[in-house]
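> here is my input; please provide its structure:
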Amino acid sequence: MASELTTLTIALPHRVTPSQWLLGCVLAAIAYYLTAQLGLLIATIGATITIIWLPTGIATGMFYRYGIRYWPGIFIAAVAVNHTTLRTHTAFLIAIGNTLAPIICAMLLRRMKFQSSFATWRDIAVLAVAALSSMAISAVNGSVWLIVSGVISITIWQEAVTVWWLGDAGGVLIAAPTILAWTPDMLERMRRRGNFIQFLAASSLTVGICVFLYLEVFALAAWSLTLIFLPFICVLRVATVYRAWGVALQILIVAVFAVWANHRGTGISQHFDSHTRPYFLWGYLVSMSLIAMALVGLLSERDQIAKRLRDSEGEYRRLVDDNPAIICRFRDDGTILFANETYRRIFGAGSVTGKENLINRAGLLSDRAALDRLPSLIPTDAPVDLECFAKDVASKGRWVRWSIRAAESSANGQPEYLAIGLDVTERKRAEVERKELEIQAIQAQQFEAVGVLAGGVAHEFNNILTGILGNAELVQMMLPKNSDAHSCVGEIRTGANRAAELTRQLMIFAGKSNAAVGPLPLTAFIRDNDGLFAIAISKRCRILYHLDDELPLIRADEASIRQVLMSLVTNAGEAIGKQSGTIQIRTLARNVTDIPLSSEWVKSPGMQLIGDYVQLEVIDDGFGMSPDIQARIFEPFFTTKFPGRGLGMAAVLGIVRGHNGAIRVRSLPGSGTTISLLFPVATTYVEGSSVIGMQTISRQVVRG
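Next comes the predicted model:
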């Protein structure tokens, strides 16, 4: 018992000052005394035992809410009330039971984890159990002292104990919830919610009905026993809106009017005799309290379930909306039933309301055969995986990998599907880049192998040709000029020179030529050689120049650049053929931040393009090239024309690589071809007259 008292005291909300404690005791005593006077009006056995004893409920509520520190107020009030009908010592002894029973009831409530807000229907059951258990102490104590003092006969001790016990327990069930459910901010919360006036109106309606029922407003003939349910309607209505404290106050109002009417024998109390009337009153008020407070508990449970459901739904929605995966639920006809935030962000919010853009954007219905298999997989809950091309809200292409499961069909039997997709565009792009890297690595290995072979062959062949040309020249010098042998040796020299030129091209392709690299103004060089370009193409083709006069110098070999230009212009003219066409030669400066290895630019293996470059472009409007031809364009001796054309674009690639540059080819059948070359800018100052080949450039150019 001591530990229980300590636990109860510790559970108090705060400590109080002596003046506050005294005020609390006085208020508790006044409330106890006034409600006791009301209970004594309907005393059932003698002048002391009554079937409805509201003071016990007041005391229980006080002890539970504010602690047992206020027991002196309850005890003094109980002594005062008992002294009105009993002798002093009997009143004192009975008051001990009147005070102890509510204390034990409050302890039981705390031990059984009672919630004063009546958050569940269990709370009213706990209150009933605690009241019936603890009030037996008061009933036995009071009945014993009444018998001992001779106030009642021992022959009716069973009835006395029963009535006392039911009266105290009923008082707890009727009056205690008003104090138990009260919180200091109750009225303020009502005011903030804007329903304080409505609560006053509901309470006024309850008072009006009680006046109508329990006071003689109309003649007795107008009464009907069924009217006793009118207060029930008001109380239950308040229970659905204002919950525990509101309905507890309504029950207390009804109890005050019913007890007063029972005392006077007015209203519906006239339907019962004087012996039955108190028991009917107890059953009427207790059942109203139990039903109303149980309803409050059920409604509170419903509110808690609804709140948990909202919280769970909000958590689920946040989990789904914040998920990077694309999640949606849709019907067989393409109607979207649900889509998460990722779906709406990628495919647009408009596609969530109905069928709009589902097929065209998300691509979920692109594989009908896969979706048709889903109903048969419902028992195993196996998904169908498909990968499709979709278009986002900006009409950009995306690759999405979907995992689709068949969900429960709608009410009309139309199939529904749950789809979870992952944007695999970057993975697809990475796969393409990886394949390009593999192709470029293979090409680089092939070019490197061919270059090594070509360099070795060219070196050895050049040594052989040196001997052939030297000896042929000596033989020709010894032969008469008009002899047949002299002309034959001349043919040998001509063939050897042609072989030497081919050897030089092989050396260039292998990157082992001894080119004279120096600063070269590309725009001026192109203008100086425009006559050569015009001779190399058909007269039906015209050349348009888009040249930047402010280009920086490049470090290049004049003969090699001339060969590159002649080769590109010749190829462009042949691509146009016998039709009229245009060839454009363009130069521009370009700053390259970084071109990754997986780009369209072909360059030396492992080389990074970064820094300042001069870009040269040769553009034609010819027939273009297919991807298959573009894949072989840099193979040595590959040609789409007649054989024997030399190294062609392979030599161009070798020259570009030899200049630490890069080349890019863009072409489509019927759309012409654009070949772009990048040459690094010279990083030294060139002042005054710089001789490049046989040309003299008289100007000062500063580039860094």
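> distance of T335 relative to E416?
9 Å (Cβ to Cβ, to the nearest Å). Every residue, glycine included, has its C-beta placed from N, CA and C.
> with N529 instead?
71 Å.
> same check, this time on A43
Taking Cβ to Cβ, one finds A43 at 70 Å from E416.
> please apply the same query to L616.
As judged by Cβ to Cβ, L616 and E416 stand 60 Å apart.
> and the helix or strand hosting I404, what does it pack onto?
I404 belongs to strand 397-407 when assigned by DSSP states H and E. The elements that strand 397-407 packs onto, with contact taken as 3 or more Cβ pairs under 8 Å, 6 or more residues apart in numbering; DSSP states H and E, are strand 384-391, strand 416-423, helix 425-478.
> burial measure for R110, as a count.
15 (other Cβ atoms under 10 Å).
> for the one 5 residues further on, same thing?
By the criterion of other Cβ under 10 Å, Q115 has 16 neighbours.
> just say helix, strand or coil for it.
Three-state call for Q115 (DSSP: H, G, I helix; E, B strand; the rest coil): coil.
> now swap in L86 and tell me
Per three-state DSSP, L86 ends up coil.
> spit out the contact partners of it.
T48, I94, L146, S149, V151 (Cβ atoms under 8 Å, 6 or more residues apart in numbering).
> how about 10 Å then?
46-48, 79, 92-95, 142, 145-146, 149, 151 (Cβ atoms under 10 Å, 6 or more residues apart in numbering).
> got those residues as CSV, with pLDDT columns?
Output for the contacts of L86, formatted as CSV (pLDDT from 0 to 100):
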residue, pLDDT
G46, 83
A47, 85
T48, 87
V79, 94
F92, 93
L93, 94
I94, 94
A95, 94
G142, 92
W145, 92
L146, 91
S149, 90
V151, 88
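> more neighbours, L616 and E416?
Between L616 and E416, counted using other Cβ under 10 Å, L616 has the larger neighbour count: 27 against 18.
> which SS class is the nearest residue to that one once chain neighbours are set aside?
Excluding its sequence neighbours, the residue lying closest to L616 (Cβ to Cβ, 6 or more residues apart in numbering) is L677, at 4.6 Å. Recorded secondary structure, L677: strand (three-state DSSP).
> let's have the chain start at 39 instead
All right, first residue 39 from here; so that's L715.
> L715 and A700, how far apart?
With the distance defined as Cβ to Cβ, L715 ends up 7 Å from A700.
> intersection of neighbour lists for those two?
With Cβ under 10 Å, 6+ apart, L715 and A700 have common neighbours W639, Y651, Q653, L691, V694.
> who wins for most neighbours among those?
That'd be L691 among these, by other Cβ under 10 Å, with 28 neighbours.
> name the next helix or strand following the helix or strand hosting that residue along the chain.
Under the criterion of DSSP H and E, L691 resides in helix 687-696. Downstream of helix 687-696, the next assigned helix or strand under DSSP H and E is strand 700-705.
> and the angle from that next one to helix 687-696?
140 degrees (axes from the mean of the first three to the mean of the last three Cα atoms, to 10 degrees).
> export the shared contacts of L715 and A700 to a markdown table and tack on pLDDT?
Below are the shared contacts of L715 and A700 laid out as a markdown table (pLDDT from 0 to 100):
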| residue | pLDDT |
| --- | --- |
| W639 | 83 |
| Y651 | 91 |
| Q653 | 93 |
| L691 | 84 |
| V694 | 87 |
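> wait, which of the residues you listed is closest to F152?
W639 (80.0 Å; Cβ to Cβ).
> pull the helix or strand with minimum mean pLDDT from this protein.
Scoring the helices and strands of the chain by mean pLDDT, DSSP states H and E places strand 733-736 at the bottom, with a mean of 30.
> quick one, phi/psi of the residue nearest to G710 when sequence neighbours are not counted?
The shortest distance from G710 to any non-neighbouring residue, by Cβ to Cβ, 6+ apart, is to D659 (4.3 Å). D659 has phi and psi values of phi -110, psi 40 when expressed as degrees, to the nearest 10.
> cool, F672 as well?
Per-residue torsions, F672: phi -100, psi 10 (degrees, to the nearest 10).
> I'd say it and A688 touch.
Yes: proximity of F672 to A688 meets the contact threshold set by Cβ atoms under 10 Å, at 5.4 Å.
> centre of the chain to the one helix or strand I68 maps to, how far?
Using DSSP H and E, I68 sits within helix 56-78. Helix 56-78 has its C-alpha centroid displaced from the chain centroid by 58 Å (Cα atoms, centre = their mean, to the nearest Å).
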